[in-house]
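S.K.: From the sequence below, what's the structure:
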Amino acid sequence: MLKQLSICMLGGCLFVSCVGSKKYKNVQQEYATLSNKYTQLQSDLKNCEDDKLKMNSGMASLQGTNDNQKQQIKNLNDQVEYLKTNTNQMLSNLKDLSVISDKQADAVGKSLDKLTERDAYIKDLQGAMARKDSLNMNLVMNLKGAFSDVSDTDIDVKVDKGVVFISISDKLLFSTGKYDINPGAKKVLAKVAQVLNNQPNLEFLVEGHTDNVPVTGAVLRDNWDLSALRATSVVRVLQNDYKIDPKRMTAGGRGEYVPVQENSSVAGRAANRRTRIVVLPQLDQFFQLLEKNATAAPAAK
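M.R.: Predicted structure coming up:
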């Protein structure tokens with residue numbers, strides 16, 4: 001009887017031990033799963049914070065350009081107001097002294113009309129510049145968002161003197177000394193095409209750039225040839241694969257002659273091998289304003 005009781009107790013202990021071990025393993029697995037999820041969430045949070053910093057930097061650059069342009073326009077407006085005030089005062093003084101003829105007074109009045117027209121012209125110019133800045137801001141933010149998963153060293157989007165530049169590293173698009181687009185590069189050009197297709201009125205220039213290492217071959221005579229053929233390869237993909245209107249595009253080769261760094265180091269040569277897309281400013285509205293101003297000028301004489 002005692003022996004049977006001992007066997008039962010031993011079996012119960014083994015059962016409890018087995019159940020406890022299974023629960024422990026389950027808890028360990030759940031902990032490992034939660035730990036992996038936590039690590040992934042931390043990584044996603046860091047990526048979001050990095051993207052936010054990039055966008056804030058781009059907005060600060062555009063804001064600085066916009067503030068500078070606003071200050072220039074304010075200075076012009078101040079000059080106009082100063083001239084108008086002085087001219088009115090001079091006209092009043094001359095009339096009070098009775099030393100100005102009707103013809104002379106009329107000439108001064110026409111000068112005031114010219115100043116009024118100039119003031120309206122400046123306001124039109126200010127509106128056109130504001131629209132351009134808004135378009136550039138929207139374009140840059142869309143491009144930075146599209147390239148959020150690509151290294152900053154491979155793609156650079158910036159605004160310089162009111163012009164948007166997209167610089168793509170050579171290693172993303174081409175093999176060394178070649179001008180055929182790599183198959184994997186099309187996903188990068190697809191991102192560019194998506195943003196540009198959403199702005200159908202924009203025209204742009206695709207520039208090929210190389211380092212100063214000589215190239216030769218059956219087709220290539222020098223870096224002029226290589227840079228030009230790389231530019232036309234990009235344009236051709238944008239036209240044929242992503243349906244961008246060819247009338248909007250221009251392809252050009254710059255060879256080795258517009259480096260961004262010295263060619264004396266490996267890193268410098270790598271930086272110089274790039275394809276740059278230059279979004280061309282919409283100058284039509286500014287030319288129209290200039291023509292309007294030129295046409296109105298003779299009528300004010």
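S.K.: Off-centre distance for the helix or strand hosting residue 41?
M.R.: Here residue 41, judged by DSSP states H and E, is contained in helix 2-97. Averaging C-alpha positions (C-alpha atoms, centre = their mean, to the nearest Å) puts helix 2-97 20 Å from its chain's average.
S.K.: Which residue ranges of the stretch 151-300 of the chain form strands?
M.R.: All strands of the stretch 151-300 of the chain, identified by DSSP state E, counting those that start in this stretch, fall at 155-160, 163-169, 203-209, 249-253, 274-280.
S.K.: Pull up the pairing partners for the second one, direction included.
M.R.: According to DSSP bridges, strand 163-169 forms sheet pairs with strand 155-160 (antiparallel), strand 274-280 (antiparallel).
S.K.: Any idea which of those gets closest to residue 214?
M.R.: strand 274-280 (18.3 Å; C-beta to C-beta). Using the backbone N, CA and C atoms, a C-beta is placed for each residue, glycine as well.
S.K.: now the angle between strand 203-209 and that closest one, please.
M.R.: With axes from the mean of the first three to the mean of the last three C-alpha atoms, to 10 degrees defining the directions, strand 274-280 sits at 160 degrees from strand 203-209.
S.K.: what comes up buried for strand 274-280?
M.R.: 274-279 (16 or more other C-beta atoms under 10 Å).
S.K.: Including pLDDT and distance to residue 48, could those go into CSV?
M.R.: Listed next are these as CSV, based on pLDDT from 0 to 100; distance: C-beta to C-beta, whole Å:
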residue, pLDDT, distance to residue 48
274, 96, 28
275, 96, 29
276, 96, 29
277, 95, 27
278, 94, 30
279, 90, 27
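S.K.: quick one, what contacts residue 192?
M.R.: 143, 146, 166, 168, 238, 277 (C-beta atoms under 8 Å, 6 or more residues apart in numbering).
S.K.: Just send the strands paired with strand 163-169 back as TSV, with distance to residue 260 too.
M.R.: Formatted as TSV, those follow (distance: least, C-beta to C-beta, whole Å):
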stretch	distance to residue 260
strand 155-160	10
strand 274-280	8
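S.K.: List just the nearest of the buried residues of strand 274-280 to residue 138.
M.R.: When the buried residues of strand 274-280 are compared against residue 138 (criterion: C-beta to C-beta), the nearest one is residue 279, at 11.6 Å.
S.K.: which non-adjacent residue is nearest that closest one?
M.R.: residue 164 (4.1 Å; C-beta to C-beta, 6 or more residues apart in numbering).
S.K.: The one you found: what's it in contact with?
M.R.: Contacts of residue 164 by C-beta under 8 Å, 6+ apart are 136, 139-140, 143, 157-158, 278-279.
S.K.: is it true that residue 179 touches residue 226?
M.R.: Yes: the criterion here is C-beta atoms under 8 Å, and residue 179 meets it with residue 226 at 6.1 Å.
S.K.: shared neighbours of the two, which are they?
M.R.: Listed as contacting both residue 179 and residue 226 by C-beta under 8 Å, 6+ apart are residue 220.
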